[in-house]
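Undergrad: 3D model of this:
(one chain, ligands or ions: 2)
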Amino acid sequence: MNYLNPDLMCKLADVSIAVIGAGKWGQALQFALSRNVTCKITSRHTKPIEHFVSVEEALNCEYLIFALPAQVVRGWLEAHFTFHGQKILVAAKGIEQGSGAFLNEIFAHYVPKEHLSFLSGPSFASEVMQGLPTAVVINSSNEILSKEFASFFPSFMKTYTSKDVIGAEVCGAYKNVLAIASGICDGLKLGNNARASLIARGLVEMHRFGKYFGALDETFLGLSGAGDLFLTASSTLSRNYRVGLFLAEGKRLEDILLALGEVAEGVFTSEAICELSLKHTIYVPIAHEIALILKGKEPRESVRDLLAD
Ligand SMILES: NC(=O)C1=CN([C@@H]2O[C@H](COP(=O)(O)OP(=O)(O)OC[C@H]3O[C@@H](n4cnc5c(N)ncnc54)[C@H](OP(=O)(O)O)[C@@H]3O)[C@@H](O)[C@H]2O)C=CC1
Ligand SMILES: O=C(CO)COP(=O)(O)O
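TA: Numbering: from 1, shown residues only. Ligands and ions are numbered 1, 2, ... in the order given. The predicted model follows:
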């Protein structure tokens, strides 16, 4: 059943929109948007998906949704993208390792700010793929753009809008690191008290980090912050949480990532957060310990250090 009014449905029929990146999230977003619009999709590898098109054809669409891992976005834009008025929704969640650049900073080299928006909130691709109720936030300095993208989403996905781009970005990226921490905590069987404390302290830590970059308090209490953190840090559906579980079992990171076969952004973002916190003197003890564990530190030693801190 579609409850959209007939005028809006006529307009939606003409929308030209494509998803860039046919991984788990890209395919789930295409599935969701296809309830209302004809949504094309493209990817590095050709896939047998309806409305799969070439990169060139996708880039000719008026609306583009980027569902690529954060670490490859800059290279992809450099290789393929020319701006000719497209409106963009960035669906990735991560901070670039090495530069410490936020995605809005990377995209700003290619696209004017008023053409950019960012998706956030608790949204496992596998549940969106089943049409289960999901709430997300579209964040942009351009509220008209946020509302345009919001109008494309199906009724099972409730969309909110916000102007706090940096807040949404920090929350989406930081919670992946905290999900690894939570997976480690559960993998070590430290108990429910420990996990709740870790998630609560994690929320304080990501708030402190985000405030430094100008994020709004309310973003951390809402869907983008607490919502996505609670989801990801407490479910084996999360790839980042599963990375943590396997690290606690003593598995090697290379083997974990190979077996995962999908991106776990927290692995790279933990390093980016450490780089930024060092540069700007921000206290980020959990992200710091996760970065050390990913480089080989014994997880139990990190727990001891965090408790002693
Ligand atoms: N999965 C989820 O539940 C959610 C994911 N996200 C975020 O969305 C982003 C994408 O995640 P997800 O789709 O799940 O990840 P996947 O690992 O499932 O897919 C990654 C996609 O990126 C493409 N890709 C990988 N490396 C390159 C490269 N070097 N050049 C071009 N394309 C590349 C792959 O293309 P190909 O398959 O053609 O090789 C694939 O389409 C991440 O930032 C993630 O945090 C956000 C919310 C929910
Ligand atoms: O961002 C997500 C849900 O909102 C997906 O988390 P994972 O990448 O850890 O699976």
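
Undergrad: do whichever helix or strand Ala168 is part of and ligand 2 meet?
TA: Using DSSP states H and E, the secondary-structure element containing Ala168 is helix 165-187. Yes: judged by CB under 6 Å from any ligand atom, helix 165-187 comes into contact with ligand 2 at 176, 179. For every residue, glycine as well, the C-beta is placed using N, CA and C.

Undergrad: so what's the gap between that helix and the chain middle?
TA: Computed by CA atoms, centre = their mean, to the nearest Å, the separation of helix 165-187 from the middle of its chain amounts to 10 Å.

Undergrad: how near is the residue most central in space within the chain to Glu265?
TA: A centroid search over the chain (CA atoms, centre = their mean) returns Lys93, at 2.4 Å, as the residue closest to the centre. For Lys93, the distance to Glu265 (CB to CB, to the nearest Å) stands at 6 Å.

Undergrad: same question for Gly21.
TA: Summarising the geometry, the distance separating Gly21 from Glu265, computed by CB to CB, is 13 Å.

Undergrad: where does the stretch 51-200 of the chain have low pLDDT?
TA: Low-confidence regions of the stretch 51-200 of the chain, defined by pLDDT under 70, are absent; no residue qualifies.

Undergrad: give me the residue from it nearest ligand 2.
TA: The shortest separation between the stretch 51-200 of the chain and ligand 2 is 4.5 Å, found at Ser123 (distances taken as CB to the nearest ligand atom).

Undergrad: residue numbers of the stretch 1-150 of the chain in contact with ligand 2?
TA: Counting by CB under 6 Å from any ligand atom, the stretch 1-150 of the chain comes close to ligand 2 at 93, 122-124.

Undergrad: over to the stretch 201-309 of the chain?
TA: Contact residues, the stretch 201-309 of the chain versus ligand 2 (CB under 6 Å from any ligand atom): 228, 231-232, 238-240.

Undergrad: try 5 Å this time
TA: Contact residues (CB under 5 Å from any ligand atom) of the stretch 201-309 of the chain with ligand 2: 228, 232, 238-240.

Undergrad: turn those into CSV, including secondary structure, neighbour count and pLDDT.
TA: Written out in CSV, the entries for these read as follows (DSSP: H, G, I helix; E, B strand; the rest coil; neighbours: other CB atoms under 10 Å; pLDDT from 0 to 100):
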residue, secondary structure, neighbour count, pLDDT
Asp228, helix, 27, 98
Thr232, helix, 27, 98
Ser238, coil, 24, 98
Arg239, helix, 24, 98
Asn240, helix, 27, 98
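
Undergrad: same list (the residues you listed) but as JSON lines, adding distance to ligand 1.
TA: Supplementary listing: these in JSON lines, determined by distance: CB to the nearest ligand atom, whole Å:
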{"residue": "Asp228", "distance to ligand 1": "8"}
{"residue": "Thr232", "distance to ligand 1": "9"}
{"residue": "Ser238", "distance to ligand 1": "8"}
{"residue": "Arg239", "distance to ligand 1": "7"}
{"residue": "Asn240", "distance to ligand 1": "8"}
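
Undergrad: identify the farthest-apart pair in those.
TA: Asp228 and Arg239 (13.6 Å; CB to CB).

Undergrad: can you give me the strands for the stretch 1-150 of the chain?
TA: According to DSSP state E, counting those that start in this stretch, the stretch 1-150 of the chain carries its strands in the segments 17-20, 39-42, 63-66, 87-90, 116-120, 134-139.
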